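**Q** quick check, what structure comes out for this input:
(one chain, ligands or ions: 1)
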Amino acid sequence: MAKAKRTKAPSASQVDRLPDATASTSGEALGLSPFPGGSEEQGKNTISTRLVSRMRESILRGELPPGSKINLDRARKTFDVSLSPMREALARLTSVGLVELHDNRGYTVAPVSLSNLREITQLRAEFECLALGIAMQNGDLAWESDITRSLHRLNRTHREASDAKSLEAWEDAHRDFHLTLIQGCDMPILLSFCMTLHNLNDRYRRIFLARTGGDTSVELEHSQIAQGAVARDREYALDRLREHILRTGRNLQNALSDDRADAILTRSQPARRRRPPAASQS
Ligand SMILES: [Zn+2]
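**A** So this is what the prediction gives:
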């Protein structure tokens, strides 16, 4: 029997616009048209989509600081849009965990914390390994080729701590690689979870690790994961992916324990006293 057609891997630019990518997988798969109302609705949707992308980048870069209140009127003027697309963009960013809506305080940028990072790391390890395991069963030759292509692109993309553009390019290639690995699972809801978690994780890396530049271990780790996946060596590939996620997660947790992170964490949790980080992570 012919195998069902694999969901096409989103391009790096599609993935970079997370809410759009989510709509293009889970939304369409669930029969939810992103443009229900014709050309006028399409126009509004385009504005909202661009706005989501711009606001998302501002949050990931820390320009909209963790925990900060989003004043609707000020934000609308800053991004030069009317209230309607601003409300829609905020709703979409809330749905992917980057913005929070509070009964009395309105919208705030989602805070960052050690416990939140630990949860994201643990969930990534579980869901990405689940997705990769299924992808290794379902993935076809095109999936294998996509993995090789995205690994090559990632390994050829060099980043410098002092060069914001190179950091952006690396993050883009890195996201593309991880999502290409799991794309072959052909499960839109699972992929949507993984994309959300990956973006939440990216935010920590961008805020707390931008100053430190490259991690020399990741190139080898990515190559090993890709080799295992293409060779359909399930145990090896899943072990390498889990270790990669947990190790890089520990690096981020250590960065959060750095004194220089205090200002961000304090601003992120104004109502609570921050607990000291755990002495070690297993
Ligand atoms: Zn990675």
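
**Q** let me see the domain layout of the chain.
**A** Per the record, the chain has its domains at 14-109, 114-268, by automatic domain parsing.

**Q** could I get the average pLDDT for the longest one?
**A** Right, the one you point to is domain 114-268. Confidence over domain 114-268 (mean pLDDT, whole number) is 88.

**Q** hang on, the earlier thing: need the winner for burial among the domains of the chain.
**A** Mean neighbour count (mean count of other CB atoms under 10 Å) peaks for domain 114-268 among the domains of the chain, with a mean of 18. All C-beta atoms are positioned from the backbone trio N, CA, C, and that covers glycine.

**Q** now do the phi/psi pair for the closest residue to Ile59 other than its chain neighbours.
**A** Distances taken as CB to CB, 6 or more residues apart in numbering place Leu98 nearest to Ile59, at 5.0 Å, with adjacent residues excluded. Main-chain torsions, Leu98, degrees, to the nearest 10: phi -90, psi -20.

**Q** contact partners for Leu98?
**A** 56, 59-60, 109-110, 199-200, 203 (CB atoms under 8 Å, 6 or more residues apart in numbering).

**Q** try 10 Å
**A** With contacts defined as CB atoms under 10 Å, 6 or more residues apart in numbering, the neighbours of Leu98 are 18-19, 52, 55-56, 58-60, 64, 66, 90, 92, 109-110, 196, 199-200, 203.

**Q** mind checking how far it is from Glu88?
**A** 14 Å (CB to CB, to the nearest Å).

**Q** whichever strand or helix holds Leu154 - contacts with which helices or strands?
**A** Using DSSP states H and E, Leu154 maps to helix 141-155. Under the contact criterion of 3 or more CB pairs under 10 Å, 6 or more residues apart in numbering; DSSP states H and E, helix 141-155 touches helix 114-138, helix 164-183, helix 218-230.

**Q** out of those helices, which is closest to Asp103?
**A** Closest to Asp103 of those, according to CB to CB: helix 114-138, at 20.7 Å.

**Q** tell me what the closest one is packed against?
**A** helix 141-155, helix 164-183, helix 188-209, helix 218-230, helix 234-257.

**Q** quick one, which of these is nearest to Leu72?
**A** Nearest of these (CB to CB): helix 188-209, 22.0 Å.

**Q** ok, back up a step: could you export the helices and strands packed on helix 141-155 as CSV, including distance to Arg242?
**A** As requested, the helices and strands packed on helix 141-155 are exported to CSV (distance: least, CB to CB, whole Å):
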stretch, distance to Arg242
helix 114-138, 5
helix 164-183, 13
helix 218-230, 10
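
**Q** and those: which comes nearest Leu190?
**A** helix 114-138 (5.3 Å).

**Q** so the residue nearest to Ala229 when sequence neighbours are not counted versus Thr248, what's the distance?
**A** Spatial nearest neighbour of Ala229, excluding adjacent residues (CB to CB, 6+ apart): Ala237 at 4.7 Å. According to CB to CB, Ala237 stands 17 Å off from Thr248.

**Q** equivalent analysis for Asn254, please.
**A** 11 Å.

**Q** got it, and Arg203?
**A** 14 Å.

**Q** overlap in contacts, the two.
**A** When contacts are counted by CB under 10 Å, 6+ apart, Arg203 and Thr248 have no shared neighbour.

**Q** show me what contacts the nearest residue to Arg206 once chain neighbours are set aside?
**A** Nearest residue to Arg206 in three dimensions, chain neighbours excluded: Leu60, at 5.2 Å (CB to CB, 6+ apart). Leu60 sits next to 16, 18, 98, 168, 171, 199-200, 202-207 when contact means CB under 10 Å, 6+ apart.
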